[in-house]
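Asker: just a sequence and a predicted model for now, questions to come.
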Amino acid sequence: VSPIRCAYHETRDALYYCGRCGRAICPDCVVKTAAGNLCRRCVEAPPRARRAPHLWLWVAAGILLFLLLFGVLPRILR
Ligand SMILES: [Zn+2]
Ligand SMILES: [Zn+2]
């Protein structure tokens, strides 16, 4: 019976499974967290998918620019 190898070390036996990606990992690669046993790569990776938080910032900046150009400037120029 060949033991399962660590996904990151080809020569080491895996004793754990990552709770996120499911990779077999050795004791040196396992990181025990409140969410369970995770591999190092999953711990280092951002927990959530990347979003675009700057989108609303750009929309707000665009509205402000619009108001500035078409709302405020004509009053100043008159
Ligand atoms: Zn993982
Ligand atoms: Zn390992």
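Answerer: That came through, no problem. Ligands and ions are numbered 1, 2, ... in the order given.

Asker: who in the protein is up against ligand 1?
Answerer: By C-beta under 5 Å from the ion, the part of the chain that sits against ligand 1 consists of Cys18, Arg20, Cys21, Cys39, Cys42. Backbone N, C-alpha and C define where each C-beta goes, glycine included.

Asker: try it again with 6 Å
Answerer: Proximity of the chain to ligand 1, by C-beta under 6 Å from the ion, involves residues Cys18, Arg20, Cys21, Arg23, Leu38, Cys39, Arg41, Cys42.

Asker: surely the first one and Thr33 touch.
Answerer: No: the pair formed by Cys18 and Thr33 falls short of the contact definition of C-beta atoms under 8 Å, at 10.7 Å.

Asker: so for those two, which sits in the more crowded spot?
Answerer: Cys18 (22 against 12; other C-beta atoms under 10 Å).

Asker: ok, what's across the strand from the nearest residue to the more buried one once chain neighbours are set aside?
Answerer: Using C-beta to C-beta, 6 or more residues apart in numbering and skipping residues adjacent in sequence, the residue nearest Cys18 is Cys39, 4.0 Å away. Beta bridges link Cys39 to Val30 when assigned by DSSP bridges.

Asker: mind listing the helices for the protein?
Answerer: Along the chain, counting by DSSP state H, helices occupy 40-44, 54-67, 73-77.

Asker: next, find the distance separating Ala14 from Asn37.
Answerer: 11 Å (C-beta to C-beta, to the nearest Å).

Asker: and for Gly19?
Answerer: The value you get for Gly19 to Asn37, if C-beta to C-beta is used, is 6 Å.

Asker: how about the residues of this structure near ligand 2?
Answerer: So the chain meets ligand 2 at Cys6, Tyr8, His9, Arg12, Ile25, Cys26, Asp28, Cys29 (C-beta under 6 Å from the ion).

Asker: buried ones from these, can you make that a ChimeraX selection?
Answerer: Listed next is the ChimeraX selection for buried residues among the residues of the chain next to ligand 2, using 16 or more other C-beta atoms under 10 Å:
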select :6,8,12,25,26,29
